[in-house]
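Trainee: Sharing a model prediction with you, sequence too.
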Amino acid sequence: MRAVNLIPPDLRRGDHAPLRTGPLAYIVVGALALALLGVTLLVLAGNEVSEKKSEVKTLQREDALAKARAESLAPYAQFQAAAEQRVQTIASLADSRFDWPRVMRELGLVLPDDVTLTNLAASASLGEGESTSGVLGPSLELQGCTSSQDAVATFITALKDIDGVTRVGLESSSAEEGGSGGGEGCEGKTQFDLVVAFDAAPLIPVEGAEAAPEAEEGEASSGEAKKKKRKKATEVKARTKKTTNLMVGTMVVVALLAAAFWFLLLNPKKEEAQKLDGRIHTLEFSLSQHRSEAQAAAAARRAFPREYQRLVVLGKAVPSGDETPSLLVQLSHLAAKAEVRFQDLTLSGGSSEGEAPEAVGGGFTSPTEAEASLLPLGASIGPAGLAVMPYELTFEGDFFQIAEFIEGLDRLVKTSNLNVAVNGRLITVNSFSLTPVEEESGSSKLLATFSVATFLTPPGEGLTAGAPTAPEAETTTLTSTTTGTTP
């Protein structure tokens, strides 16, 4: 007997049981869920945009405050930069001076007993073209006499032992037989003319090796699409065709609504949030920069009294005016200490022999009419805007007394690491010459002629480099003082 199912078809359960309510209820529930999700996303995007707008306003306000603070403190930062530049310029000028005292001492040590010098000329032409002897750097030109040609060769070898000598050139060496010439006490001796050079050989730059090329990376991607198989019984196709068409149509409508929601509502909010992100990053960078400037300017304001005091101390080395009386007093004091006689001081009027070393600022430039009106007579614009006063000095003394006087000039301003010790005016010796004094036979007196340069503060800046306000610092005693750069 065949079994018969007595349950009505609409009440049956199982895989092949027909739906009692149809797919409409599920479609409505899915549409409501999608709508709720869309509203949630839209609200979240709107809140994000509002928060970013509020953050932009806050950053704009803070950036404006930081910028205003940085601008209010900018004069102190500018003053600190000017003070640092002044210290570096003076230290560079002091360090660029050639060590003539050491050369004079070593020359006195290596000079043989049978050698007589009748003329000595020194030149510190640093990078300004060849000197009269064809040497690019500092040089000594020695003229004198000795007993024989062998003695000249011995003297040349001895000169090479002086520290810093790169080459010794023999201009001439001639043996005089009974004649006169070459100076006192050189009759019948071998006369010579030597050039001692202190120029250094140039360095050959070394080029770096090129970086190895990076290896290329390749990416290979492969994928396989899997197809879904649908298998339905033949008896169910006819029954589910209408339901399938309805669901497909509903899905198409939902997809269109979702696309419209994305492009019309949600995507503009996302784009606005991205633009606000970029603006926030820009404002954060600007705020950080202005805060750094304000902090640096605040530090410069705290250091203002110290920087002001340091410039006042440096004003003894580089004053705001020519200060000729103090220069004469210092030179007279050094001459008396070295036991040499101070004869003449002449303003050179900006000749080439009074120029500052090329290594520290590039030589002289012509001042403008406004700057020229502020310069003392005979001054020119020199390195880093400093005014230069060239002088010709004449002294009389023996060899070692003159060497001590040159050393005294260097001791007026000395540098050690980042510190500058100021005891007087900054004076650079550009060249000098020594010639015997025409006196009785056997005298060791020499006539020393120096070409030197002194420096003044830039026109219009004054001693304190245009300080913004009066400093709150103790009164500075302008005696032997050491000043250094801020670490």
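Mentor: Cool, got the structure.

Trainee: Residue 140 versus the nearest residue in space to residue 437 that is not next to it in sequence, what's the distance?
Mentor: Spatially, and ignoring its direct neighbours in sequence, residue 437 is nearest to residue 445 (4.1 Å; C-beta to C-beta, 6 or more residues apart in numbering). To be clear about C-beta, it is placed using only N, CA and C from the backbone, and glycine gets the same treatment. To residue 140, residue 445 is 20 Å away according to C-beta to C-beta, to the nearest Å.

Trainee: ok, now residue 301?
Mentor: Residue 301 is 51 Å from residue 140, by C-beta to C-beta.

Trainee: pLDDT of stretch 74-89, averaged?
Mentor: Averaging pLDDT along stretch 74-89 yields 82.

Trainee: My error: substitute stretch 154-169 in the last question.
Mentor: What stretch 154-169 shows for mean pLDDT is 89.

Trainee: Also stretch 273-284?
Mentor: Average pLDDT, stretch 273-284: 86.

Trainee: Convert the C-alpha atoms of it to CSV, please.
Mentor: Output of stretch 273-284 as CSV, limited to C-alpha atoms (Å, rounded to 0.1, in the frame of the first residue of the first chain):
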residue,chain,number,x,y,z
ALA,A,273,36.5,65.0,5.5
GLN,A,274,39.6,64.3,3.3
LYS,A,275,40.0,67.9,2.4
LEU,A,276,39.7,68.9,6.0
ASP,A,277,42.4,66.3,6.9
GLY,A,278,44.8,68.0,4.4
ARG,A,279,44.0,71.4,5.8
ILE,A,280,44.6,70.1,9.4
HIS,A,281,48.0,68.7,8.4
THR,A,282,49.0,72.0,6.8
LEU,A,283,47.8,73.9,9.9
GLU,A,284,49.6,71.5,12.2
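
Trainee: Please, which helix or strand holds the residue nearest to residue 103 when sequence neighbours are not counted?
Mentor: Counting by C-beta to C-beta, 6+ apart, residue 103 lies nearest to residue 162, which is 6.5 Å off, once chain neighbours are set aside. Using DSSP states H and E, residue 162 sits within no helix or strand.

Trainee: ok, now the one 10 residues further on?
Mentor: Using DSSP H and E, residue 172 falls within strand 167-175.

Trainee: what is the orientation angle of the following helix or strand past that strand with strand 167-175?
Mentor: Next helix or strand after strand 167-175 toward the C-terminus (DSSP H and E): strand 190-197. For strand 190-197 against strand 167-175, the angle by axes from the mean of the first three to the mean of the last three C-alpha atoms, to 10 degrees is 170 degrees.

Trainee: helices or strands up against strand 190-197?
Mentor: strand 139-146, helix 149-159, strand 167-175 (3 or more C-beta pairs under 8 Å, 6 or more residues apart in numbering; DSSP states H and E).

Trainee: circling back: could you tell me the angle between the strand holding residue 172 and helix 149-159?
Mentor: Going by the same axes, to 10 degrees, strand 167-175 is angled at 160 degrees with respect to helix 149-159.

Trainee: hmm, who's touching strand 167-175?
Mentor: 133, 148-149, 152, 156, 159-160, 189-197, 199 (C-beta atoms under 8 Å, 6 or more residues apart in numbering).

Trainee: What pairs with it, parallel or antiparallel?
Mentor: Each strand paired with strand 167-175, and its direction, by DSSP bridges: strand 190-197 (antiparallel).

Trainee: Next up, the contacts around the nearest residue to residue 114 once chain neighbours are set aside.
Mentor: Leaving out its chain neighbours, the residue that sits closest to residue 114 by C-beta to C-beta, 6+ apart is residue 147, at 5.0 Å. By C-beta under 8 Å, 6+ apart, the contact set of residue 147 is 114, 189, 190.

Trainee: Show the contacting residues for residue 298.
Mentor: Residues near residue 298 by C-beta under 8 Å, 6+ apart: residue 73.

Trainee: From residue 68, how far out is it?
Mentor: In terms of C-beta to C-beta, residue 298 sits 13 Å off from residue 68.

Trainee: Domains in the protein, by residue range?
Mentor: The chain breaks down into these domains under automatic domain parsing: 21-98+250-314, 103-137+139-196, 316-462.

Trainee: and the ones you listed as TSV, adding distance to residue 6?
Mentor: Formatted as TSV, these follow (distance: least, C-beta to C-beta, whole Å):
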stretch	distance to residue 6
domain 21-98+250-314	23
domain 103-137+139-196	120
domain 316-462	109
